[in-house]
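Asks: Have a look at this prediction, sequence included:
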Protein chains: 2
Amino acid sequence: MPQGVPTTVQGKSTAAFGLALRQWTAGSSIAVFQFVKSAKWRVGEETALRALGDLHRDTGQGGPVEWHKMGEGWSWSRKQGSEEDHAAAAREGWAEIRRRLEASAHDFYVLDEFTYPLKWGWIDVDEVVAVLRDRPGHQHVVVTGRDAPPALVDAADLVTEMTKIKHPMDAGQKGQKGIEW
Amino acid sequence: MPQGVPTTVQGKSTAAFGLALRQWTAGSSIAVFQFVKSAKWRVGEETALRALGDLHRDTGQGGPVEWHKMGEGWSWSRKQGSEEDHAAAAREGWAEIRRRLEASAHDFYVLDEFTYPLKWGWIDVDEVVAVLRDRPGHQHVVVTGRDAPPALVDAADLVTEMTKIKHPMDAGQKGQKGIEW
């Protein structure tokens, strides 16, 4: 891994999408890979980031944005829409990310909720660590999700954790639109 | 304060701007008030959020975005550019936020680094807590910054803290463009 280009592991995803705003402004090529089943997740972030990507395409401002979802079948896969085998889908997602990392396809990657297929043993952690460690160029990778495997934490440059001190749920209130927690 | 509309206090700002993406998609009126001296701070987030605000103005997609900076003189103030008294400038910023909260001017407020003028005694914490508690409607307020005064933490619905586990600085590496930490 190149010196000073961090791999970040975060317990919560919101900060990753905050970082994406900076990356967009800097003209970075951004790619999000969403390792969650429900396509409803992150729809707010997806819509806004795609709007920024469209703005780049139309005006040249900022950088390009790609957003890929496992839940509705990866866009590059032939198994559209009816993917039943989540482990196989997750492995297919990782294989594509590996190809892109090895080809230096993007500047900023968000592997959203990627800790779970690692935790569940669907994807080999040692392979992920090796690919991240040996990736060429200055590609910045952010992995989100809880319970990151120790080998991934050891390999990362930066690991943060969001600590909840108080939460509206504790007081019996319902979650709000636009509220992460 | 209306039931279920959180006041959020966060140690780091990145997550607040991640939340702003969701709010924009939901069509919320967004206002950011930056309580920092240097106008260079958050330029990546500002550029991207302003681009989304322009997109709303031009196409109707998403919501409107306002971004106000103390460092170069608040846009509504007559003391443009040559503000030397930071305490007075911070109080002027808070007075405007109070007016807007009481008028339900926006849906989503980011008071960026607002904990510092509170910590330094420039702005009265009890007044802030009272205004936040009694604000009408469904306005969501996020306060960022470290060392939030206990009275603010007590009044907030949600308080999170970002815990650094590993940081590239620890290994003697320099900070990177687009990296929050």
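Replies: Looks like it came in fine. Numbers count the residues shown, from 1 in each chain, chains lettered A, B, ... in the order given.
Asks: going forward, measure contacts between C-alpha atoms and count neighbours the same way
Replies: Noted.
Asks: Can you give me the buried ones in the helix or strand containing A:Asp126?
Replies: With elements taken from DSSP states H and E, the one containing A:Asp126 is helix A:125-134. Within helix A:125-134, the residues that qualify as buried are A:125, A:128-129, A:131-132, counting by 16 or more other Cα atoms under 10 Å in any protein chain shown.
Asks: got a markdown table for these, with pLDDT and distance to B:Ile30 too?
Replies: A markdown table is the format used below for the buried residues of helix A:125-134 (pLDDT from 0 to 100; distance: Cα to Cα, whole Å):
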| residue | pLDDT | distance to B:Ile30 |
| --- | --- | --- |
| A:Val125 | 94 | 40 |
| A:Val128 | 94 | 39 |
| A:Val129 | 91 | 39 |
| A:Val131 | 93 | 40 |
| A:Leu132 | 90 | 37 |
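Asks: contacts with chain B among these, please.
Replies: Among these, no residue sits close to chain B (Cα under 8 Å from any Cα of the partner chain).
Asks: A:Phe33 is in what secondary structure piece?
Replies: Counting by DSSP H and E, A:Phe33 is found in strand A:30-34.
Asks: That strand vs chain B: in contact?
Replies: No. Contact of strand A:30-34 with chain B is not found when judged by Cα under 8 Å from any Cα; the minimum separation is 11.9 Å.
Asks: neighbouring contacts of that strand?
Replies: Residues outside strand A:30-34 that contact it (Cα atoms under 8 Å, 6 or more residues apart in numbering or on different chains) are A:20, A:23-24, A:63-71, A:93, A:106-114.
Asks: now do 7 Å
Replies: A:64-70, A:106-113 (Cα atoms under 7 Å, 6 or more residues apart in numbering or on different chains).
Asks: Mark which of the residues you listed are buried, thanks.
Replies: Among the contacts of strand A:30-34, those classed as buried by 16+ other Cα under 10 Å are A:64-65, A:67-70, A:106-113.
Asks: Identify, from those, the entry nearest to chain B.
Replies: A:Phe108 (9.3 Å; Cα to the nearest Cα).
Asks: now that we're looking at that closest one, which residues does it contact?
Replies: So A:Phe108 contacts A:28-31, A:139-141 (Cα under 7 Å, 6+ apart).
Asks: isn't A:His56 right next to A:Pro64, touching?
Replies: Yes. Between A:His56 and A:Pro64 there is a contact at 5.9 Å, judged by Cα atoms under 7 Å.
Asks: where does chain A dip in pLDDT?
Replies: Low-confidence segments of chain A, defined by pLDDT under 70, span residues A:1-12, A:37-40, A:78-84, A:157-181.
Asks: Let's see that with 90 instead.
Replies: Low-confidence segments of chain A, defined by pLDDT under 90: A:1-19, A:36-43, A:70-87, A:113, A:115-116, A:133-134, A:137-181.
Asks: Let me see the ranges of the helices in it.
Replies: Remark: helices assigned in chain A by DSSP state H are A:14-25, A:43-59, A:86-102, A:115-119, A:125-134, A:150-155.
Asks: deepest of those helices, which one?
Replies: When you average the neighbours per residue for each of those (mean count of other Cα atoms under 10 Å in any protein chain shown), helix A:14-25 leads with a mean of 26.
Asks: what about it, near chain B?
Replies: Yes. With Cα under 7 Å from any Cα of the partner chain as the criterion, chain B is reached by helix A:14-25 at A:14-15, A:17-19, A:21-25.
Asks: Check whether A:Val142 really touches A:Glu113, as I assumed.
Replies: No. Counting by Cα under 7 Å, A:Val142 does not reach A:Glu113; the two are 10.2 Å apart.
Asks: First-to-last residue distance for stretch A:139-147?
Replies: 24 Å (Cα to Cα, to the nearest Å).
Asks: Now do that stretch: distance to the chain's middle.
Replies: Taking Cα atoms, centre = their mean, to the nearest Å, one finds the center of stretch A:139-147 at 6 Å from the center of the full chain.
Asks: and if you look at stretch A:108-119?
Replies: Distance, centroid of stretch A:108-119 to centroid of chain: 6 Å (Cα atoms, centre = their mean).
Asks: Same check on stretch A:14-21?
Replies: 10 Å.
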